[in-house]
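In: Model the following, please.
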Amino acid sequence: MKQAAAMLFQHLCDHHEPASHIADLPPPRQFQHADAYLLASAMQKAIRRGDIDVARRAGHQLLTMDRSRLWRRLAVIALEDIGIADIEAIAALVAVSLLPTARRLFGSDAVALDHALVRTCTAAKDRSGDHLSSILHREPVDPEQSGLLVRASGDALLAVVASSHLPLTQRLRAAVLASGRCEEHFRPGAPGLSAVFDHLHELGVPPLLLLACDVYAARQRDELPVFVPFAALLQLNSKPAIRQHDLPKPEQISDLPDYTFDPVNTRLGRRAVDLWTRAYLTKPAWLPAQIAAALWNAEASLCDRTLGSDLGDSIRERAYAADLQHRGLPPDRHAEINAWIAAERPALTAARQAVWNSFVRQSGKPAEAPEHLILPLPVPTRSRRP
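Out: Below is the predicted model:
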């Protein structure tokens with residue numbers, strides 16, 4: 001770890017170009033009443049959308065409230081959201097997030113944070129690493145195939161990783177097992193992450209990406225440092241291009257954009273989905289967990305600029321389908337739930353506002369939302385079960 005960290009820091013020093021406009025950025029306003037969970041969610045979703053104003057407001061507020069959570073979340077964002085679309089941005093963000101010496105290079109944590117946020121907001125995004133995680137953990141598992149991999153030797157696992165003719169999930173599982181980061185089937189004799197990185201380097205994965213993943217892996221126990229280089233391996237022979245996306249303007253819940261209320265990963269976001277589904281005279285045809293998963297894919301994962309390719313598109317669609325199937329929704333109903341969410345969007349906004357108002361009241365502080373946004377839940381149209 002020390003050698004990898006030193007190498008990543010040296011790379012940052014060699015490529016560090018102070019941006020004069022960073023010093024001219026105004027002090028960001030705080031979000032009233034937001035806790036650390038909402039701030040981390042707002043910052044990450046804003047980075048995906050390239051919204052530097054929201055990202056700075058949430059990031060600087062989180063810096064004063066819970067700086068360790070801030071740096072951990074930025075490191076995750078580097079691999080989960082920037083991914084293979086901008087390897088230089090990954091290297092810079094991992095270094096700033098996880099190495100205090102890198103932050104001192106900028107003079108202060110606040111200035112380092114601004115550099116990191118501007119760099120990541122303007123970078124292209126690729127979420128293939130996170131999509132591969134959904135595919136591996138949420139698609140049905142072939143017990144026989146899984147058992148063979150668990151019993152395979154280290155060399156055999158590395159050979160499976162390199163075998164492009166084998167199924168994607170088989171290669172992914174082999175990579176995780178070989179890295180030793182599989183909690184379900186921990187193997188003391190596994191080759192280890194360094195051996196997997198050496199193997200991927202021989203196959204053509206960029207060394208800077210592997211270096212950043214190595215530094216990340218020393219601090220975090222998740223599997224992203226396996227999935228992201230694997231995504232790079234899959235894309236070696238493709239010709240991805242940067243795609244621009246026109247994103248819908250978010251609704252405002254008080255002064256927070258509605259995408260802050262992550263329907264899967266924040267408590268208030270989950271409460272809003274629950275309130276939304278209970279507001280109907282007839283129960284919707286979907287379970288709250290199914291609605292939350294579909295809403296997350298339609299809203300929380302939106303990015304302003306992405307690295308696009310046919311392979312990347314197929315991986316994303318497969319991951320979204322796995323998310324819903326894992327929650328019991330068959331593929332022939334995925335389009336139906338997405339259409340329902342789009343049609344019932346006003347009721348979701350009202351539910352989020354109601355949950356937020358309740359949260360503010362419980363905190364003992366007056367709500368500061370514009371009057372026209374504080375609405376009672378409407379009575380939605382009756383939902384009919386198919």
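
In: From now on I want contacts and neighbour counts done on CA atoms only, so please keep to that.
Out: Will do.

In: Next, count neighbours for the nearest residue to residue 207 once chain neighbours are set aside.
Out: With C-alpha to C-alpha, 6 or more residues apart in numbering as the measure, residue 201 is the residue that lies nearest to residue 207, at 6.4 Å, once sequence neighbours are left out. Neighbour count of residue 201, defined by other C-alpha atoms under 10 Å: 17.

In: Give me the pLDDT value at residue 201.
Out: Residue 201 is assigned 97 on the pLDDT scale.

In: and it, what helix or strand is that in?
Out: Element membership for residue 201 (DSSP states H and E) is helix 193-202.

In: Show me what the helix or strand just after that helix is packed up against.
Out: Sequence order places helix 207-217 as the next helix or strand after helix 193-202, per DSSP H and E. Taking 3 or more C-alpha pairs under 8 Å, 6 or more residues apart in numbering; DSSP states H and E as the contact definition, the neighbouring helices and strands of helix 207-217 are helix 2-15, helix 87-98, helix 193-202, helix 224-234.

In: and helix 207-217, C-alpha only, in PDB?
Out: Once side chains and other backbone atoms are set aside, the C-alpha atoms of helix 207-217 remain, and they are given as PDB (Å, rounded to 0.1, in the frame of the first residue of the first chain):
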ATOM      1  CA  PRO A 207      -1.500   0.800 -15.100                       C
ATOM      2  CA  LEU A 208      -2.700   4.200 -13.800                       C
ATOM      3  CA  LEU A 209      -6.200   2.700 -13.300                       C
ATOM      4  CA  LEU A 210      -4.800  -0.300 -11.500                       C
ATOM      5  CA  LEU A 211      -2.700   2.000  -9.300                       C
ATOM      6  CA  ALA A 212      -5.700   4.000  -8.200                       C
ATOM      7  CA  CYS A 213      -7.700   0.900  -7.600                       C
ATOM      8  CA  ASP A 214      -4.800  -0.500  -5.500                       C
ATOM      9  CA  VAL A 215      -4.700   2.600  -3.300                       C
ATOM     10  CA  TYR A 216      -8.500   2.500  -2.900                       C
ATOM     11  CA  ALA A 217      -8.500  -1.200  -2.100                       C
END
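
In: For the protein, just list every one of the strands.
Out: For the chain, the strands identified by DSSP state E occupy 241-244, 252-253, 256-257, 305-308, in order along the chain.

In: who's in contact with the first one?
Out: Strand 241-244 is touched from outside by 124, 304-309, with contacts defined as C-alpha atoms under 8 Å, 6 or more residues apart in numbering.

In: mind checking how far residue 248 is from residue 84?
Out: The span separating residue 248 from residue 84 equals 25 Å under the rule C-alpha to C-alpha, to the nearest Å.

In: Between these two, point out the one with more neighbours.
Out: Each of residue 248 and residue 84 has its neighbours counted (other C-alpha under 10 Å); residue 84 has more, 28 against 8.

In: Pull up the per-residue confidence for that one.
Out: Residue 84 carries a pLDDT value of 97.

In: just residue 239 next, same as before
Out: The predicted structure scores residue 239 at 83 on the pLDDT scale.

In: pretty sure it is touching residue 310, no?
Out: No. With contacts defined as C-alpha atoms under 8 Å, residue 239 does not count as touching residue 310, sitting 9.0 Å away.

In: Count the neighbours of residue 328 for me.
Out: Other residues within reach of residue 328 by the criterion other C-alpha under 10 Å amount to 13.

In: Sorry, wrong one. I was asking about residue 336.
Out: Summarising burial for residue 336: neighbours were counted as other C-alpha under 10 Å, giving 11.

In: how far is the lowest-mean-pLDDT helix or strand in the chain from where the chain is centred?
Out: Taking all helices and strands of the chain together, the one with the lowest average confidence (mean pLDDT, DSSP states H and E) is helix 143-151, at a mean of 83. Taking C-alpha atoms, centre = their mean, to the nearest Å, one finds helix 143-151 lying 29 Å from the centre of the chain it belongs to.

In: residues making contact with it?
Out: Residues external to helix 143-151 that are found in contact with it (C-alpha under 8 Å, 6+ apart): 157, 170, 173-174, 177, 185.

In: who touches the residue most central in space within the chain in this structure?
Out: Compute the mean C-alpha point of the chain, and by C-alpha atoms, centre = their mean the closest residue is residue 80, 4.6 Å away. With contact set as C-alpha under 8 Å, 6+ apart, residue 80 has these partners: 126-130, 224, 228.

In: Would you point out the most distant pair within these?
Out: Comparing every pair within the contacts of residue 80 by C-alpha to C-alpha identifies 126 and 224 as the most remote, at 12.8 Å.

In: quick one: which of the two has more around it?
Out: residue 126 (27 against 22).

In: Can you give me every residue that contacts the closest residue in space to residue 228 that isn't next to it in sequence?
Out: With C-alpha to C-alpha, 6+ apart as the criterion, residue 228 has its nearest non-adjacent residue at 4.5 Å, and that residue is residue 129. For residue 129, the residues meeting the contact criterion (C-alpha under 8 Å, 6+ apart) are 79-80, 83, 224, 227-228, 230-231.
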